[in-house]
Each structure stands twice: as structure tokens, then as C-alpha cells.
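**Student:** Make a model of this:
(one chain, ligands or ions: 1)
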Amino acid sequence: MKDKVILVAGGAGGIGAEICRRLVSLGARVVVADMDRAVSQAVAGRISVDRAMGAECDITSADACERAAALAVERFGRLDGMVNCAGISRPGDSISLPAADWARMVDVQLNGAFYLAQSCARRMWESGGAIVFITSTNAEAAFPRRAAYCAAKAGVAMLTKVLAIEWASRQIRVNAVGPAYVETEMTQRNIAAGNVDVEQIRRRIPLGRLAQPGDVASAAVFLLSGQANFITGHSLYVDGGWLAYGYF
Ligand SMILES: NC(=O)c1ccc[n+]([C@@H]2O[C@H](COP(=O)([O-])OP(=O)(O)OC[C@H]3O[C@@H](n4cnc5c(N)ncnc54)[C@H](O)[C@@H]3O)[C@@H](O)[C@H]2O)c1
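**Tutor:** Coordinates of the predicted model:
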């Protein structure tokens, strides 16, 4: 990853910040792009003063995605990769889910992923690069009260395949990493709201624990790196065996 320039959206979050830290430790330069400029800058500052920069980017705005990708090139001279970790989680019964909540979920998880991929690929068009979407086991496995989340993540898994085959001729690889439950603030909020029973989750995961952000970062960095040069259009599930498990 030495001297590669990677834009990480949702880079101030639990998984995103860990990916940024890992990339910088491997010699890359990162743009920590997230909703709030001050928060993004603070996270970037803690990672590295000269190899990380913070940027404001709400990925639901195609213009904001253009600005963030342009900023990466302006500051570091090139763009080699993007990881999209931006996301929200708002479980609710499908029968009463407000249309606005449905629309917001699809906007952040699916529309934003496309806008950001488009803006970044435009900057990698001549030199090639790699894109990694953070999806979820929910791209494959249905959970109740998460209709919009599951549908949007499944949409990103298919988007991964379509962009991979469309952009392969430009040597832009597109892959996804799909975690099961990860110990981040998103999960803490779901536990606090009573949406998740952490002991029940542990019992459901064959490896017997929730994922750590580092488990997800390892998979994302692998897919960004030259080690994955011939891998594109693939969803790699980092789930401790969740999807394989089909017993009682
Ligand atoms: N935590 C888990 O258990 C888990 C499991 C599977 C998948 N995921 C996925 O991993 C990704 C990262 O989750 P996390 O656990 O780090 O959550 P997190 O809440 O710690 O971080 C998410 C980040 O996304 C940012 N964000 C939200 N909306 C945005 C927008 N419109 N534009 C830009 N940034 C935005 C937030 O500000 C936050 O910094 C999400 O896509 C999530 O769906 C998480």
C-alpha cells in the first residue's frame, strides 16, 4: 500500500477509522471523509499529521462526493482506491416504517455508494485502482425489522458485480466486505436500543465472538492491495461462520 492514496468514506466511524489507521501504518495516505468536517479532521489528526487528511462528505450528495474525490487528488496528487464505510442502522417494523426512513436508508447505503464510486472511478480511469464497499451479512441473510437495510446492502452487493465488470477494462477492481456484527458504536447503539441481544448473537456465530473492526480492516486492505490483483466483483464475508451456519 506504500504511497497509495485511499479515500475512506464513513472514515470517522468504528470500522472506517480502523481501516484508515491500518492503511497509514502500511505507508498509504488517506482521506478520512465523513459527515462532519471537524470530526473527520480530528480523526485524521489522531492518525497522522501528514499522511491523513479530514474532509466533509455526505455521500448522499453526488456533488459532495465529487468534491471529496477532487480534494484527494488536489492534496495527494492521485487517487488509487476508495473504501465506503458510511452507514446508518435504524431497525423498525416494515408495516409502519415511514417512507422517509426507507428513503434515507436507501440513500445512505445504496445511492451514496454509487455516487462515491462514480466520483472516485473518474479519478482512477487512466491509472486503475480498487474500490471496496462495506456491505453486511444482511446482503445475504434476512433479519426482521431491517427491510431497507437488507435490501440496500443486497443492492450494493449487486452494484459491486456490475461496476466490477464495467470498469474491469480500466483496471479498476470493485469488491465488497460483508461483516456480521462488529464491536463498534453502531452495534453499541443497537444494543442500548434493545435491537440486539449480544449473548444471542455470540451463540449464533460459530467462532463464538463478535468481529473487531480490525477483522474487517484486514479484509478491506487485502482487497485494496496487489495481493488481490485478480479478484473483482467478489463479496468477502467476515462473519465468523454466520452465513455458513444452517443448523438449529
Ligand atoms: N457495526 C456492525 O456490526 C456492522 C455490521 C455489518 C455491516 N456494517 C456496516 O459497516 C459500515 C460501518 O459501520 P460502523 O460499525 O463503523 O458504524 P459507525 O456508526 O461507527 O460508523 C459509520 C460512519 O458513517 C458515517 N456516515 C453516516 N451517514 C453518512 C453519510 N451520508 N455520508 C458519509 N458518512 C456517513 C457516520 O458519521 C459514521 O462515522 C456501515 O456501512 C455498516 O452498515 C456494520
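**Student:** Flag every residue of the protein that's near the ligand.
**Tutor:** Neighbours of the ligand within the chain, by C-beta under 6 Å from any ligand atom: 9-10, 12-16, 34-35, 57-60, 85-88, 108, 112, 134, 136, 179, 181-182, 184-187. (Glycine included, C-beta is placed from N, CA and C.)
**Student:** Please pick the buried ones from the residues you listed.
**Tutor:** By neighbour count, with 16 or more other C-beta atoms under 10 Å, the residues of the chain next to the ligand hold 9-10, 12-16, 34-35, 57-60, 85-87, 108, 112, 134, 136, 179, 181-182, 184, 186-187 as buried.
**Student:** mind listing the strands for the chain?
**Tutor:** With strands called from DSSP state E, the chain shows them at 5-9, 29-34, 52-56, 81-84, 129-134, 172-179, 235-238.
**Student:** Now do the contacts for the residue nearest the centre of the chain.
**Tutor:** Per C-alpha atoms, centre = their mean, the C-alpha nearest to the average position across the chain is that of Cys85, at 2.5 Å. Contacts for Cys85 (C-beta atoms under 8 Å, 6 or more residues apart in numbering) come out as Val8, Ala9, Gly10, Gly11, Gly13, Ile15, Gly16, Ile19, Ile134.
**Student:** nearest to the ligand, of the residues you listed?
**Tutor:** In terms of C-beta to the nearest ligand atom, no member of the contacts of Cys85 lies closer to the ligand than Gly13, at 2.0 Å.
**Student:** separation between the closest residue to the closest one other than its chain neighbours and Ala244?
**Tutor:** Excluding its sequence neighbours, the residue lying closest to Gly13 (C-beta to C-beta, 6 or more residues apart in numbering) is Cys85, at 5.8 Å. Distance, Cys85 to Ala244, by C-beta to C-beta, to the nearest Å: 24 Å.
**Student:** Next: Ala141.
**Tutor:** Taken as C-beta to C-beta, the span from Ala141 to Ala244 is 11 Å.
**Student:** between the two, which one's more packed in?
**Tutor:** Remark: of Ala141 and Ala244, Ala141 carries more neighbours, 17 against 10, as counted by other C-beta atoms under 10 Å.
**Student:** For the more buried one, list the residues it contacts.
**Tutor:** Shown in contact with Ala141 (C-beta under 8 Å, 6+ apart): Cys150, Trp242, Leu243.
**Student:** how far does the helix or strand bottoming out on mean pLDDT in the chain sit from the chain's center?
**Tutor:** Scoring the helices and strands of the chain by mean pLDDT, DSSP states H and E places helix 185-192 at the bottom, with a mean of 89. Its chain's C-alpha centre and that of helix 185-192 lie 18 Å apart, by C-alpha atoms, centre = their mean, to the nearest Å.
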